[in-house]
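Novice: sequence below, structure please.
(2 chains)
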Amino acid sequence: DTGVSQNPRHKITKRGQNVTFRCDPISEHNRLYWYRQTLGQGPEFLTYFQNEAQLEKSRLLSDRFSAERPKGSFSTLEIQRTEQGDSAMYLCASSFSGGLSYEQYFGPGTRLTVT
Amino acid sequence: KQEVTQIPAALSVPEGENLVLNCSFTDSAIYNLQWFRQDPGKGLTSLLLIQSSQREQTSGRLNASLDKSSGRSTLYIAASQPGDSATYLCAGRGSGNTGKLIFGQGTTLQVKP
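Specialist: So this is what the prediction gives:
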């Protein structure tokens, strides 16, 4: 499968615990994006990388959230001291910035439940 | 600030009907607009992308249009099938050096056999 992959697909954690999600983009894509989606809503942008550089962050990305893309390939999103309000689907997408379209392709998402 | 709105929130149609989903955006300085499909509990599947310089794109039974001056895009689905049942999301990418997509809340479509 050459699409965007995300692991784990589901994560249940207790409030106050730290969690880390991984995203592997389409191999030739140099941009990687993170979004969060709550039930019944459209995805909300969190942050994106071009290669290793984190170019944009949303106000939604509080101090408890950190994202990395150390070698310009896969990315991790860590949430520290999870809260019940963090329960959501976390979506990763990738695109290629060399063309005109910047069309984003999404992974299957990681469903986080904080109890 | 770009805002994207989709109306209606839900739509139910009989199989075989042609239908139109609406998307409106507030900032006409849009770089492109993407339509996605999302099945329950799943990720997003890209359906069509329209560049700001284009008026429409077609893929099979789907046709998407873009009118920047009125801040509107439509997704036309011809001869709907039960397998088309899903949530359809539109998202705009702003001009300038931004990568983010701004999404609408989606239209949940049910096609009844």
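Novice: in chain A, which residue sits closest to chain B?
Specialist: Proximity of chain A to chain B (C-beta to the nearest C-beta) peaks at residue A:42, 3.2 Å away. All C-beta spots, glycine's among them, are computed from the backbone N, C-alpha and C.
Novice: least trustworthy helix or strand in chain A by mean pLDDT?
Specialist: The helix or strand of chain A with the poorest confidence is strand A:53-57; it has a mean of 92 (mean pLDDT, DSSP states H and E).
Novice: hmm, the next helix or strand after it touching chain B?
Specialist: Note on strand A:53-57: by DSSP states H and E, the next helix or strand toward the C-terminus is strand A:65-68. No: using C-beta under 8 Å from any C-beta of the partner chain, strand A:65-68 never reaches chain B; the gap is at least 13.3 Å.
Novice: hmm, the helix or strand following strand A:65-68 touching chain B?
Specialist: Using DSSP H and E, the helix or strand that follows strand A:65-68 towards the C-terminus is strand A:75-79. No: judged by C-beta under 8 Å from any C-beta, strand A:75-79 stays clear of chain B, getting no closer than 13.4 Å.
Novice: in its sheet, what does strand A:75-79 sit against?
Specialist: Partners of strand A:75-79 in the sheet, by DSSP bridges, are strand A:19-24 (antiparallel), strand A:65-68 (antiparallel).
Novice: what mean pLDDT does the helix or strand following it get?
Specialist: Beyond strand A:75-79 on the C-terminal side, the first helix or strand identified by DSSP H and E is strand A:88-95. Strand A:88-95 carries an average pLDDT of 96.
Novice: do the same with stretch A:9-19
Specialist: Throughout stretch A:9-19, pLDDT has a mean value of 98.
Novice: which residues of chain B score low on pLDDT?
Specialist: By pLDDT under 70, the weakly predicted segments of chain B are B:96-97.
Novice: which one is the residue in it positioned nearest to chain A nearest to, not counting chain neighbours?
Specialist: Proximity of chain B to chain A (C-beta to the nearest C-beta) peaks at residue B:103, 3.2 Å away. What sits nearest to residue B:103 in space, not counting adjacent residues and going by C-beta to C-beta, 6 or more residues apart in numbering or on different chains, is residue A:42, at 3.2 Å.
Novice: out of the strands paired with strand A:75-79, which comes closest to residue A:33?
Specialist: Each of the strands paired with strand A:75-79 has some distance to residue A:33 by C-beta to C-beta; the shortest is strand A:19-24, at 9.0 Å.
Novice: make sure the residue nearest to residue B:103 is indeed in a strand.
Specialist: No: counting by DSSP: H, G, I helix; E, B strand; the rest coil, residue A:42 is not part of a strand but coil.
Novice: got the contact list for it?
Specialist: Residues counted as contacts of residue A:42 (C-beta atoms under 8 Å, 6 or more residues apart in numbering or on different chains) are B:4, B:89, B:91, B:103-106.
Novice: go on, residue A:35?
Specialist: By C-beta under 8 Å, 6+ apart, the neighbours of residue A:35 are A:43-46, A:90-93, B:101.
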